[in-house]
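J.: fold the following, please.
(chains A and B)
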Number of protein chains: 2
Amino acid sequence: MKNLIVASTSTLHQGSYLDYLLPELEHLFSQSEEILFMPYARPGGISHDQYTAKAADVFKKINKKVVGVHTFDDPGEAIKNAQAIFTGGGNTFVLVNALHQLGLMQVLREAIFKGTPYLGTSAGSNICGPSMMTTNDMPIVYPPSFKTLGVLPFNVNPHYLDPDPNSKHMGETRETRIKEFHTQNTVPVIGLREGSWLRVRAEKIVLQGVLSARVFEKDKTAYEIESGTQIDYF
Amino acid sequence: MKNLIVASTSTLHQGSYLDYLLPELEHLFSQSEEILFMPYARPGGISHDQYTAKAADVFKKINKKVVGVHTFDDPGEAIKNAQAIFTGGGNTFVLVNALHQLGLMQVLREAIFKGTPYLGTSAGSNICGPSMMTTNDMPIVYPPSFKTLGVLPFNVNPHYLDPDPNSKHMGETRETRIKEFHTQNTVPVIGLREGSWLRVRAEKIVLQGVLSARVFEKDKTAYEIESGTQIDYF
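T.: So this is what the prediction gives:
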């Protein structure tokens, strides 16, 4: 059965990397000694090794070993055999490009369906929906496809931001962008504010964290759901 | 010779559609009675007809007729024969998808090189660079390619936004995003703030409007250029 944490962000304002999630991660990864890290999203363009070291540093605090998937000759086998998997944030286009080019999208999907505990943050959460089409990232590479894992029945918009009523900027608000998505697509979208995450166990998906989340369905007015809500109605 | 206005935005805060640019547009389109409008970016998902009517409304003020390219059986011929062309903003992915699928990217490029006066705003400006990879838009459709007109020797980032020092949001700043672009690409990027535009005559490109623009070159510190600067050093 599926067993995931799908988080809006890895880091809160004035927090350190993953600190707000660590108690949850102890549960998620309670049966795992070693976590396979997917560093492909390369935030700020850092190397796979640098990014893996950053993740390893944090998981030391809860006595977990972290190994980068890029260090394996056969990353697909590494995913199949992993005790647990963590896909870090960064640029979703770079991440999705790597997963498709290395032929890892399907194998990662299968591992998650098989029950391998999975943590995604930001770009690593974006890929849990059917497509990466609600990412906030800049399209700095051209991936072979925008299709992603489809382990959730909706798309995620991480780092969801409410419109700033005082803004003088004329670029689209996040809500406008997601509404534009629905002129071209029918899949629902959950706007996850920073500090929120989805806890997925089998087909049960529950919103966690202190904030509400914003739900966008095609041809409906967007609405809020409170923390603790089970999202099972799509 | 090339003859373009490449604008960050169509509309300023508290302004109306294109009003701040109208004096410039009278010059750009002084030899044109009719402007061919490219409505493909469909801001907010509005129809091609609605969007064309919006553009026609404004150009009435300077006695120009506006015709939507979508009303022609052969839009490629319409572009070839156009007295002047305006590509409006909206979603860059939707725009680029339409231009590639209809086979119009190359014919539009040729018209601009031939000297057809061209106005681009926002998404219509994004496509003037070699690629759309520095758009701010959400990837709501999957275009056949990210390659664009390449009538400028650099990419444009329209609606350029400075980092907000008071922000508690952990999503990437615009500067961070463009730096990430340069981990994957070498082409320079001009961040055009709202109210700025590039005036292109043949190979001469001059920054116009009251604000400075921010220039990003790979492996260099980003820097400002003042209004009036001729950008000829790439």
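J.: any idea of the pLDDT on the spatially most central residue of chain A?
T.: Centroid-nearest residue in chain A, with C-alpha atoms, centre = their mean: A:Ser125, separated by 0.9 Å. pLDDT recorded at A:Ser125 is 98.
J.: the one 5 residues further on too?
T.: Per-residue confidence for A:Pro130 comes out at a pLDDT of 98.
J.: please apply the same query to A:Phe113.
T.: Looking at A:Phe113, its pLDDT is 98.
J.: for it, grab the count of nearby residues.
T.: Using other C-beta atoms under 10 Å in any protein chain shown, A:Phe113 is surrounded by 13 other residues. For every residue, glycine as well, the C-beta is placed using N, CA and C.
J.: likewise for A:Gly103?
T.: So A:Gly103, with other C-beta under 10 Å, has 10 neighbours.
J.: any idea whether the closest residue to it other than its chain neighbours is helix, strand or coil?
T.: Spatially, and ignoring its direct neighbours in sequence, A:Gly103 is nearest to A:Gly76 (6.5 Å; C-beta to C-beta, 6 or more residues apart in numbering or on different chains). What DSSP: H, G, I helix; E, B strand; the rest coil gives for A:Gly76 is helix.
J.: so A:Gly76 versus chain B, what's the distance?
T.: Counting by C-beta to the nearest C-beta, to the nearest Å, the gap from A:Gly76 to chain B is 24 Å.
J.: who's in contact with that residue?
T.: Counting by C-beta atoms under 8 Å, 6 or more residues apart in numbering or on different chains, A:Gly76 makes contact with A:Leu102, A:Gly103, A:Leu104, A:Val107.
J.: quick one: the top helix by length along chain A near chain B?
T.: As assigned by DSSP state H, the longest helix anywhere in chain A is helix A:48-59. No. Helix A:48-59 stays clear of chain B (C-beta under 8 Å from any C-beta of the partner chain), getting no nearer than 12.5 Å.
J.: which among the contacts of A:Gly76 end up buried?
T.: Listed as buried from the contacts of A:Gly76 are A:Leu104, A:Val107; burial here means 16 or more other C-beta atoms under 10 Å in any protein chain shown.
J.: which stretches of chain A form strands?
T.: Under the criterion DSSP state E, chain A contains strands at A:3-7, A:34-38, A:65-68, A:85-87, A:118-121, A:155-157, A:189-191, A:197-201, A:204-208, A:213-216, A:223-225.
J.: can you list those strands in CSV and add distance to chain B?
T.: Formatted as CSV, the strands of chain A follow (distance: least, C-beta to the nearest C-beta, whole Å):
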stretch, distance to chain B
strand A:3-7, 11
strand A:34-38, 18
strand A:65-68, 18
strand A:85-87, 17
strand A:118-121, 10
strand A:155-157, 9
strand A:189-191, 10
strand A:197-201, 14
strand A:204-208, 18
strand A:213-216, 12
strand A:223-225, 19
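J.: now those strands as a markdown table including mean pLDDT?
T.: Putting the strands of chain A into a markdown table (pLDDT from 0 to 100) gives the following:
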| stretch | mean pLDDT |
| --- | --- |
| strand A:3-7 | 98 |
| strand A:34-38 | 98 |
| strand A:65-68 | 98 |
| strand A:85-87 | 98 |
| strand A:118-121 | 98 |
| strand A:155-157 | 98 |
| strand A:189-191 | 98 |
| strand A:197-201 | 98 |
| strand A:204-208 | 98 |
| strand A:213-216 | 98 |
| strand A:223-225 | 98 |
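J.: quick one: which of those strands is nearest B:Ser145?
T.: Proximity to B:Ser145 (C-beta to C-beta) singles out strand A:155-157 among those, at 23.4 Å.
J.: please state the offset of the closest one from the chain centre?
T.: For strand A:155-157, the distance from its own C-alpha centre to the chain's C-alpha centre is 9 Å (C-alpha atoms, centre = their mean, to the nearest Å).
J.: helices and strands around that strand, which ones?
T.: The contact analysis (3 or more C-beta pairs under 8 Å, 6 or more residues apart in numbering or on different chains; DSSP states H and E) places strand A:155-157 against helix A:123-126, helix A:174-181, strand A:189-191.
J.: for the record, mean pLDDT for the second one?
T.: So the one you mean is helix A:174-181. Mean pLDDT, helix A:174-181: 95.
J.: picking that back up, among the contacts of A:Gly76, which lie within helices?
T.: Among these, the members falling in helices are A:Val107 (criterion: DSSP H).
J.: got the contact list for the nearest residue to A:Thr148 once chain neighbours are set aside?
T.: Excluding the flanking residues, the one nearest A:Thr148 by C-beta to C-beta, 6+ apart is A:Ile127, at 4.1 Å. Neighbour list for A:Ile127: A:Thr87, A:Thr92, A:Leu95, A:Val96, A:Leu99, A:Gly120, A:Thr148, A:Leu149 [criterion: C-beta under 8 Å, 6+ apart].
J.: now do A:Val6
T.: Counted by C-beta under 8 Å, 6+ apart, A:Val6 has contacts A:Gly120, A:Ser125, A:Cys128, A:Leu152, A:Val156, A:Leu192, A:Trp197, A:Leu198, A:Val200.
J.: go again using 6 Å as the cut-off
T.: By C-beta atoms under 6 Å, 6 or more residues apart in numbering or on different chains, A:Val6 lies in contact with A:Gly120, A:Ser125, A:Cys128, A:Leu198.
J.: now those residues in a markdown table, with distance to A:Lys65?
T.: Shown next, in a markdown table, are these (distance: C-beta to C-beta, whole Å):
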| residue | distance to A:Lys65 |
| --- | --- |
| A:Gly120 | 20 |
| A:Ser125 | 23 |
| A:Cys128 | 24 |
| A:Leu198 | 26 |
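J.: ok, back up a step: hey, which of the helices and strands packed on strand A:155-157 is tucked in deepest?
T.: Mean neighbours per residue, mean count of other C-beta atoms under 10 Å in any protein chain shown, is largest over the helices and strands packed on strand A:155-157 for helix A:123-126, with a mean of 28.
J.: would it count as contacting chain B?
T.: No. Contact between helix A:123-126 and chain B is absent, the nearest approach being 10.6 Å (criterion: C-beta under 6 Å from any C-beta of the partner chain).
J.: got the contact list for that helix?
T.: Defining contact as C-beta under 6 Å, 6+ apart, one finds that helix A:123-126 is touched by A:6-7, A:41, A:87-90, A:92, A:95, A:132, A:135, A:156, A:158.
J.: so how many other residues sit close to the residue lying closest to A:Asp49 once chain neighbours are set aside?
T.: In space, A:Asp49 comes closest to A:Gly68 once its chain neighbours are excluded; the distance is 6.8 Å by C-beta to C-beta, 6+ apart. Residues within reach of A:Gly68, counting by other C-beta under 10 Å, total 22.
J.: partner residues bridging A:Gly68?
T.: A:Phe37 (DSSP bridges).
J.: pretty sure it sits against A:Ile35.
T.: No. A:Gly68 lies out of contact with A:Ile35 (C-beta atoms under 6 Å); the separation is 10.3 Å.
J.: wait, A:Glu224 touches A:Ser212, no?
T.: Yes. Counting by C-beta under 6 Å, A:Glu224 touches A:Ser212, with 4.4 Å between them.
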